[in-house]
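Peer 1: need coordinates for the following:
(one chain, ligands or ions: 3)
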Amino acid sequence: MSEPVRVENLTVNYAVRTGLLRSRSVRAVDGADLTLAKGEILGLVGESGCGKSTLGRAIVGHARPTDGRVLLDGLPTPKRRPPGMRRRVQMIYQDPGSSLDPRRTVFQTLAEPLRAHRAVPADQVGPRVRELLGMVGLGEEHLRVRPRELSGGQRQRVAIARALAVEPDVLVADEAVAALDASVAGAVLNLLRELRERLGLTVLFISHDLATVRGLCDRVAVMYLGAIVEEGPVADVFANPGHPYTRVLLDAVPSRDRRRPGGPPLGEPPSPLHLPSGCRFHPRCPAAEERCRTTAPPEVRRGGRRAVCHLASEAVSWAHEGP
Ligand SMILES: Nc1ncnc2c1ncn2[C@@H]1O[C@H](COP(=O)(O)OP(=O)(O)OP(=O)(O)O)[C@@H](O)[C@H]1O
Ligand code: SF4
Ligand SMILES: [Mg+2]
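Peer 2: Ligands and ions are numbered 1, 2, ... in the order given. Next comes the predicted model:
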């Protein structure tokens with residue numbers, strides 16, 4: 001099976017100032033492995049600050065690996081990616097306000113990548129810009145405006161159109177529909193499904209919204225304090241989590257049934273500056289045992305699923321038993 005994206009043992013550190021002359025490194029991503037097959041939509045979930053955006057940025061080449069590597073179509077990516085390689089992997093950023101150039105009109109924003117990558121002949125740039133705008137529910141009246149004159153949702157739609165302009169093979173969508181109202185969000189999700197069917201687009205879909213992940217994604221990866229702690233087909237993982245953290249995330253989704261409120265709050269996660277010993281989830285894990293405090297848990301892999309927990313083998317009746 002072709003692998004448009006493979007992330008191997010990826011670690012990304014950021015330097016943060018801790019005093020006037022002192023700095024320390026924050027481990028935003030810590031030894032993550034992830035593979036995306038062609039045409040699949042992989043959800044990436046986990047609470048705020050666990051490293052989802054950083055992992056996405058490393059895939060598009062906007063965060064430099066401290067260790068490990070990112071491969072595109074089986075080839076390791078160089079530090080400076082050539083334009084053809086950059087075109088192939090696009091990202092929709094979590095904060096569209098900061099990713100759009102405030103001086104450029106919507107037309108200029110969308111025409112620039114088309115011209116830079118020679119995605120269409122020069123006389124087709126205008127029609128293609130209009131087509132892209134139409135795809136995300138914007139029109140002629142938005143062509144000449146600048147980002148500050150648009151609403152947050154409209155800016156997000158421009159960012160989506162810009163990412164799709166050069167027909168990438170891989171799209172990292174970071175909270176792409178979180179700021180949109182339900183009807184526009186639904187249209188954008190349908191667009192992603194259609195592009196996957198028509199062009200074989202491969203998508204890493206980063207989201208806090210587990211219901212959307214369940215409805216859109218083929219597989220899901222769960223991230224905790226920089227590491228992938230569980231991964232598998234979304235229906236199997238959500239029906240039968242192999243990691244206590246996945247269970248906690250699912251329980252935290254408020255039920256429509258008022259008699260079953262969301263699960264107990266977990267409290268704040270530990271700082272990535274001071275990772276816990278043993279299993280990194282042990283200080284908050286409802287199932288923690290003595291060994292969890294001292295011994296890092298193994299990764300249990302079976303039939304397309306994996307979970308990093310001492311109890312994973314017993315906890316899960318793995319849906320598809322296999323190697
Ligand atoms: N540019 C940066 N400089 C220093 N630290 C950073 C930087 N960007 C992220 N971090 C830190 O790295 C960790 C991971 O951040 P990241 O933005 O990847 O998390 P996230 O899972 O996307 O969170 P959210 O769900 O809130 O978007 C956090 O501890 C964050 O504070
Ligand atoms: S290894 Fe232990 S602490 Fe970690 S998730 Fe599993 S049961 Fe919880
Ligand atoms: Mg983020």
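
Peer 1: CA atoms for contacts and neighbours, from now on please.
Peer 2: Will do.

Peer 1: point me to the residue of the stretch 151-300 of the chain nearest ligand 2.
Peer 2: Relative to ligand 2, the nearest point of the stretch 151-300 of the chain is residue 282 (3.5 Å; C-alpha to the nearest ligand atom).

Peer 1: ok, now which ones touch that residue?
Peer 2: By C-alpha atoms under 8 Å, 6 or more residues apart in numbering, the residues touching residue 282 are 276, 288, 292-293.

Peer 1: and what of residue 152?
Peer 2: The contact partners of residue 152, taken as C-alpha under 8 Å, 6+ apart, are 96-97, 179.

Peer 1: next one: phi and psi at it?
Peer 2: Backbone geometry at residue 152, expressed as degrees, to the nearest 10, gives phi -60, psi -40.

Peer 1: residue ranges of the helices in the stretch 201-323 of the chain, please?
Peer 2: Ranges of helices in the stretch 201-323 of the chain, per DSSP state H, counting those that start in this stretch, are 210-216, 234-239, 244-251, 290-294, 312-315.

Peer 1: meant to ask about the stretch 1-150 of the chain, not that
Peer 2: Using DSSP H, counting those that start in this stretch, the helices of the stretch 1-150 of the chain run over 52-60, 83-88, 96-99, 106-116, 125-135.

Peer 1: up against ligand 1, what does the stretch 151-300 of the chain have?
Peer 2: Taking C-alpha under 6 Å from any ligand atom, the part of the stretch 151-300 of the chain that reaches ligand 1 is made up of residue 272.

Peer 1: how about the residues of the stretch 151-300 of the chain that lie near ligand 2?
Peer 2: Counting by C-alpha under 6 Å from any ligand atom, the residues of the stretch 151-300 of the chain lying close to ligand 2 are 243-244, 279, 281-282, 285, 287-289, 292, 297.

Peer 1: now with 8 Å, please.
Peer 2: Residues of the stretch 151-300 of the chain lying near ligand 2 by C-alpha under 8 Å from any ligand atom: 243-245, 278-289, 291-293, 296-297.

Peer 1: list the buried ones in the longest helix seen in the chain?
Peer 2: Longest helix in the chain, counting residues (DSSP state H): helix 182-199. Neighbour counts using 16 or more other C-alpha atoms under 10 Å place 184-185, 188-189, 192-193, 195-196 of helix 182-199 among the buried residues.

Peer 1: nearest to ligand 1: which residue in the stretch 151-300 of the chain?
Peer 2: The nearest approach of the stretch 151-300 of the chain to ligand 1 comes at residue 272, 5.9 Å away (C-alpha to the nearest ligand atom).

Peer 1: next, the contact list for that residue, please.
Peer 2: With contact taken as C-alpha under 8 Å, 6+ apart, residue 272 is in contact with 26-28, 225.

Peer 1: residue 202 contacts residue 167, doesn't it?
Peer 2: No: between residue 202 and residue 167 there is no contact under C-alpha atoms under 8 Å: 11.3 Å.

Peer 1: when these two are compared, which one has more neighbours?
Peer 2: Taking neighbours as other C-alpha atoms under 10 Å, residue 202 and residue 167 compare with residue 202 leading, 26 against 18.

Peer 1: so where is the protein shaky, pLDDT-wise?
Peer 2: Along the chain, the parts satisfying pLDDT under 70 run over 1, 254-265, 315-323.

Peer 1: if we use 50, what do you get?
Peer 2: Low-confidence segments of the chain (pLDDT under 50): 257-262, 319-323.

Peer 1: any idea how far residue 54 is from residue 155?
Peer 2: To residue 54, residue 155 is 22 Å away according to C-alpha to C-alpha, to the nearest Å.

Peer 1: likewise residue 121?
Peer 2: According to C-alpha to C-alpha, residue 121 and residue 54 sit 35 Å apart.

Peer 1: same thing with residue 202?
Peer 2: According to C-alpha to C-alpha, residue 202 and residue 54 sit 18 Å apart.

Peer 1: how about residue 292?
Peer 2: Note on residue 292: its distance to residue 54, by C-alpha to C-alpha, is 27 Å.

Peer 1: cool, residue 303 as well?
Peer 2: Residue 303 is 28 Å from residue 54, where distance means C-alpha to C-alpha.
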